[in-house]
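S.K.: Here is a sequence together with a model predicted from it:
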Amino acid sequence: MRSQFLPYCLPTIGEEEIAEVVDSLRSGWVTTGPKTKRFEQQFAAYVGCRHAIAVNSCTAALHLSLAALGVGPGDEVIVPTMTFCATANVVRHLGANPVLIDVDEDGLLDIQQAERNISPQTKAIIPVHFAGQACPMDEVYRLTAGNGVTLVQDAAHAVGASYRGAMVGALGQAIAFSFYATKNMTTGEGGMIATDDDGFAETCRRLSLHGMSRDAWKRYSETGSWYYEVTEPGYKDNMTDIQASLGIHQLQRLPGFIERRRHIAAIYNDAFGELPGVRLPRELEGRRHVYHLYPIRVNAKKAGIARGAFIEELRRRNIGSSVHFIPLHRHPAYRDARQHCRGGFRVADELYDEIVSLPLYPGMTDGDVQDVIEAVREISFEHQPMRVYAFQAATTTPVSNSL
Ligand SMILES: Cc1ncc(COP(=O)(O)O)c(C=O)c1O
């Protein structure tokens with residue numbers, strides 16, 4: 001058993017990031033400045049979009065996108081219930097109603113139920129690329145074709161993921177990324193809006209800094225001018241150069257991070273494939289999964305142990321884990337959102353009873369990975385409900401668990 005606790009998640013920060021942050025602190029540009037611009041350009045080149053607007057969180061990216069699209073009081077916005085609260089909170093912040101929708105077995109928006117819930121009030125849909133795997137975008141586009149409903153993609157988990165060969169971020173008008181501490185790349189706190197739409201980009205950029213016509217970089221640099229106008233009451237969502245210092249280097253390292261994540265996921269898949277009552281995340285056809293999360297499902301009856309007890313057993317063995325997510329309709333703040341949904345949450349409720357996110361991040365050593373495997377196999381083995389024992393001499397050896 002491990003002597004030290006293995007956290008479910010840790011960022012991988014190197015000396016380049018640290019030196020770049022120090023450089024920013026020494027330069028005097030500690031708010032939005034040249035490094036934020038550089039980070040935006042590099043990010044746009046990486047995902048293949050025309051504009052990338054750096055902000056201080058994915059929450060801000062989602063909020064600004066909806067605001068720029070004119071979502072407001074009385075509007076409805078379709079949101080999967082299996083997501084982090086930020087996806088729906090921003091809808092409420094604008095006075096609109098989130099319409100919570102069930103998910104499929106992979107945790108992705110239930111397209112049929114979403115379709116049934118489109119009403120004359122529906123202004124937008126927010127598909128969430130859950131765990132680092134893209135939603136079925138062909139079907140999502142079909143949902144919004146010709147009906148005036150817009151798409152804001154929650155790609156908090158999905159930087160580097162792709163759908164039918166196209167990067168998430170190159171696929172639409174408004175895609176929101178997160179660089180929160182746990183994400184596949186981090187700026188501490190941070191986010192990005194990716195878009196191909198020039199007008200939308202301009203509106204988001206303006207709204208991200210009070211609605212001012214010029215940002216600080218344009219005003220305070222050598223060639224800048226002091227004059228600006230506030231064209232509408234905006235927000236204070238801009239990214240700082242200190243954050244961008246991290247982002248520039250994290251982005252360079254992202255392909256390596258993703259390879260390591262995919263490698264660990266492949267090792268887990270091999271190790272857990274045969275465990276009774278345990279279901280593994282799968283990579284769907286036409287996707288490149290970036291495994292921000294590795295959520296397994298533990299079926300209490302078949303595995304002989306309930307999810308909560310499974311988490312406790314992991315903890316006893318010094319392995320951290322988490323649950324993604326507590327479905328929104330189960331939170332007090334969103335219980336009344338049921339009234340806005342026509343349909344139930346059968347799959348999300350089943351998932352919620354069973355899911356556990358295991359540790360998976362680039363900083364894990366091969367030894368850490370083996371410790372997780374050993375712990376999961378041991379717990380599974382100890383709790384198998386229907387073991388057949390081969391009585392050999394004085395030993396009891398389970399030989400089958402498939403009865
Ligand atoms: C699906 C999803 N959307 C949005 C967010 C919000 O991201 P941020 O913390 O960058 O605001 C998160 C954060 O965990 C998330 O998991």
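M.R.: On my side now, so go ahead. Residues are numbered from 1 along each chain as shown.

S.K.: Could you pull up the residues touching S380?
M.R.: L275, P276, G277, V278, A303, I305 (C-beta atoms under 8 Å, 6 or more residues apart in numbering). Placement of C-beta: from N, CA and C, glycine included.

S.K.: How about the secondary structure of the residue nearest the centre of the chain?
M.R.: Computing the C-alpha centroid of the chain and ranking residues by C-alpha atoms, centre = their mean puts H157 first, at 2.4 Å. Three-state call for H157 (DSSP: H, G, I helix; E, B strand; the rest coil): coil.

S.K.: Go ahead and measure how far the longest helix along the chain is from the middle of the chain.
M.R.: The residue-count maximum for a helix in the chain (DSSP state H) belongs to helix 241-272. Distance, stretch centre to chain centre, for helix 241-272: 14 Å (C-alpha atoms, centre = their mean, to the nearest Å).

S.K.: by contact count, what packs against that helix?
M.R.: Contacts defined by 3 or more C-beta pairs under 8 Å, 6 or more residues apart in numbering; DSSP states H and E place helix 241-272 against helix 15-27, helix 34-47, strand 51-55, helix 366-383.

S.K.: From the ligand, how far off is L251?
M.R.: With distances taken as C-beta to the nearest ligand atom, to the nearest Å, L251 is found 16 Å from the ligand.

S.K.: what about the helices in the protein?
M.R.: Under DSSP H, the chain gives helices at 15-27, 34-47, 58-68, 86-93, 111-116, 137-144, 198-207, 216-220, 241-272, 300-303, 307-316, 346-354, 366-383.

S.K.: Next, the buried residues of the longest helix of the chain.
M.R.: 241-251, 253-254, 257-258, 260-262, 264-265, 267-268, 271-272 (16 or more other C-beta atoms under 10 Å).

S.K.: Show me the one of the helices and strands packed on helix 241-272 that comes nearest F5.
M.R.: helix 366-383 (10.8 Å; C-beta to C-beta).

S.K.: Kindly calculate the angle that that closest one makes with helix 307-316.
M.R.: 130 degrees (axes from the mean of the first three to the mean of the last three C-alpha atoms, to 10 degrees).

S.K.: between helix 366-383 and helix 241-272, how big is the angle?
M.R.: Using the same axes, to 10 degrees, helix 366-383 lies at 50 degrees relative to helix 241-272.

S.K.: how's the chain carved up into domains?
M.R.: 15-252, 255-400 (automatic domain parsing).

S.K.: mean confidence for stretch 354-364?
M.R.: Average pLDDT, stretch 354-364: 98.

S.K.: May I have it exported as CSV, CA atoms only?
M.R.: The C-alpha coordinates for stretch 354-364 follow below in CSV (Å, rounded to 0.1, in the frame of the first residue of the first chain):
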residue,chain,number,x,y,z
GLU,A,354,-21.9,4.8,-10.0
ILE,A,355,-19.1,7.2,-11.2
VAL,A,356,-15.7,7.6,-9.7
SER,A,357,-12.9,9.7,-11.4
LEU,A,358,-9.6,7.9,-10.8
PRO,A,359,-6.3,9.9,-10.8
LEU,A,360,-5.0,10.5,-14.3
TYR,A,361,-2.5,13.3,-15.0
PRO,A,362,0.8,13.7,-16.8
GLY,A,363,2.8,14.1,-13.5
MET,A,364,1.9,10.6,-12.4
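
S.K.: Buried residues in that stretch, which are they?
M.R.: Neighbour count says stretch 354-364 has E354, I355, V356, S357, L358, P359, L360, Y361, P362, M364 buried, by 16+ other C-beta under 10 Å.

S.K.: Repeat that for stretch 151-166.
M.R.: 151-163.

S.K.: wait, which of those residues is closest to H63?
M.R.: Distances from H63 to the buried residues of stretch 151-166, taken by C-beta to C-beta, are shortest for V152, at 9.8 Å.

S.K.: With distance to S65 as added columns, please give the helices and strands packed on helix 241-272 in CSV.
M.R.: Formatted as CSV, these follow (distance: least, C-beta to C-beta, whole Å):
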stretch, distance to S65
helix 15-27, 27
helix 34-47, 15
strand 51-55, 10
helix 366-383, 36
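
S.K.: Residues of the stretch 101-250 of the chain that sit close to the ligand?
M.R.: V128, D154, A156, H157, S178, Y180, G191 (C-beta under 6 Å from any ligand atom).

S.K.: burial of the last one, as a residue count?
M.R.: What it means is G191. Look at G191: counted by other C-beta atoms under 10 Å, it has 29 neighbours.

S.K.: Please name the bridge partners of it.
M.R.: Beta bridges link G191 to V55, S178 when assigned by DSSP bridges.

S.K.: I'd say it and A60 touch.
M.R.: Yes. Using C-beta atoms under 8 Å, G191 is in contact with A60, at 5.8 Å.

S.K.: Look at the residue lying closest to Y163 once chain neighbours are set aside and report its pLDDT.
M.R.: Spatially, and ignoring its direct neighbours in sequence, Y163 is nearest to A134 (3.8 Å; C-beta to C-beta, 6 or more residues apart in numbering). Per-residue pLDDT puts A134 at 98.

S.K.: Check the gap between A134 and A161 for me.
M.R.: 5 Å (C-beta to C-beta, to the nearest Å).

S.K.: shared neighbours of the two, which are they?
M.R.: V168, R287.

S.K.: need the contacts of S380 in TSV with distance to the ligand and pLDDT, can you?
M.R.: Output for those, formatted as TSV (distance: C-beta to the nearest ligand atom, whole Å; pLDDT from 0 to 100):
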residue	distance to the ligand	pLDDT
L275	27	95
P276	30	95
G277	27	96
V278	24	97
A303	26	95
I305	27	97
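
S.K.: between those, which is closest to T31?
M.R.: V278 (47.8 Å).

S.K.: OK, contacts around the closest one?
M.R.: Contact partners of V278, counting by C-beta under 8 Å, 6+ apart, are F272, I296, R297, V298, N299, A303, V376, S380.

S.K.: Would you point out the most distant pair within those residues?
M.R.: N299 and V376 (14.2 Å).

S.K.: The two: which has the busier surroundings?
M.R.: Between N299 and V376, counted using other C-beta under 10 Å, the more crowded position is V376 (25 against 17).
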